[in-house]
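**Student:** Mind folding the following:
(chains A, B, C and D)
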Protein chains: 2
Amino acid sequence: MTTNKEIVDNETCPAQALLKLLSGKWKPEIFRLAVEAPLRFSSLLHQIEGSNKQTLAVALRELEEVSFLERIVIKQKPLHIEYHLTEKGKSLIPVFKQLESLG
Amino acid sequence: MTTNKEIVDNETCPAQALLKLLSGKWKPEIFRLAVEAPLRFSSLLHQIEGSNKQTLAVALRELEEVSFLERIVIKQKPLHIEYHLTEKGKSLIPVFKQLESLG
DNA sequence: ACAATAAGTCAGAAAATTATGACTACTAAT
DNA sequence: ATTAGTAGTCATAATTTTCTGACTTATTGT
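**Tutor:** Below you'll find the model as predicted:
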């Protein structure tokens, strides 16, 4: 018995990879806050209620690896790091807007 | 010590709920196939390589609960079920298109 | 040299998601 | 009444993701 229907595997869905990049437990919030202002690790930890260092660190690194965020070292008073939205990151804004409009 | 930054909890991110609806392991594929034709349970199981009954059943039910899919009983030869994209479901098509274009 | 601040890392625990295989429910045809 | 086909459910197991708390690294100011 055969079907003539398309058989897909988990990697052939083009939207899925991107969706996966955005769907960690805290990534949507990270993204949303990044749209408003550059992010700092320690304040993210406070701002996102219930989050934790480890998961945030991994999420930030992943968002950086795919070039949605850029990690910038600020050599000042207390040295710190800022995560900025890249141009690629900004290209997601309309997608999020559209998602929100379907609420 | 206080900050004046916005503090968010996991429910206040409007895009996140929707994102979550779309990000089960198989939901993007389910959605993508539903755009092409009505879905039947048993052929979905074959079409989506590596998937399983339980998870597909739950995913279909959830997509139905939020009205992205409609479950229709077809009383015919071998009685069966068809899952159809609703109008609300169709409104996601441009979102997916946009996601794909960022690949 | 020493303390303070920021930004993490690491190993192990806990929680959430997904998978497996046996079993059930409904209908239609024989 | 029995069988066959479709669409599931259920309990449990395996896997993946997230969380916790202790520890590390780097830089600046005293």
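**Student:** doesn't A:Ala59 make contact with A:Ile30?
**Tutor:** Yes. Contact criterion Cβ atoms under 8 Å: A:Ile30 and A:Ala59 qualify, at 5.8 Å. (Glycine included, C-beta is placed from N, CA and C.)
**Student:** which residues of chain A fall in helices?
**Tutor:** Ranges of helices within chain A are A:14-22, A:27-36, A:41-47, A:53-65, A:87-90, A:93-101, based on DSSP state H.
**Student:** Could you dump those helices into a markdown table and include mean pLDDT?
**Tutor:** As requested, the helices of chain A are arranged in a markdown table below (pLDDT from 0 to 100):
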| stretch | mean pLDDT |
| --- | --- |
| helix A:14-22 | 80 |
| helix A:27-36 | 95 |
| helix A:41-47 | 97 |
| helix A:53-65 | 97 |
| helix A:87-90 | 96 |
| helix A:93-101 | 89 |
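**Student:** Now distance to B:Phe68 and mean neighbour count too, for those helices, in CSV please.
**Tutor:** Formatted as CSV, these follow (distance: least, Cβ to Cβ, whole Å; neighbours: other Cβ atoms under 10 Å in any protein chain shown):
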stretch, distance to B:Phe68, mean neighbour count
helix A:14-22, 14, 19
helix A:27-36, 19, 20
helix A:41-47, 31, 16
helix A:53-65, 27, 15
helix A:87-90, 27, 14
helix A:93-101, 13, 16
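**Student:** who wins for proximity to B:Arg71 among these?
**Tutor:** helix A:14-22 (23.3 Å; Cβ to Cβ).
**Student:** give the contact list for the residue positioned nearest the centre of chain A.
**Tutor:** Here the mean C-alpha position of chain A is nearest to the C-alpha of A:Lys27 (Cα atoms, centre = their mean), at a distance of 4.4 Å. The contact partners of A:Lys27, by Cβ atoms under 8 Å, 6 or more residues apart in numbering or on different chains, come to A:Leu21, A:Ala59, A:Glu62, A:Leu63.
**Student:** And the second one, how close does it get to B:Lys90?
**Tutor:** When distances are taken as Cβ to Cβ, to the nearest Å, A:Ala59 and B:Lys90 turn out to be 32 Å apart.
**Student:** repeat for the last one
**Tutor:** Per Cβ to Cβ, A:Leu63 is found 30 Å from B:Lys90.
**Student:** If you drop the residues flanking it in sequence, what lies closest to A:Val95?
**Tutor:** Counting by Cβ to Cβ, 6 or more residues apart in numbering or on different chains, A:Val95 lies nearest to B:Gln98, which is 5.1 Å off, once chain neighbours are set aside.
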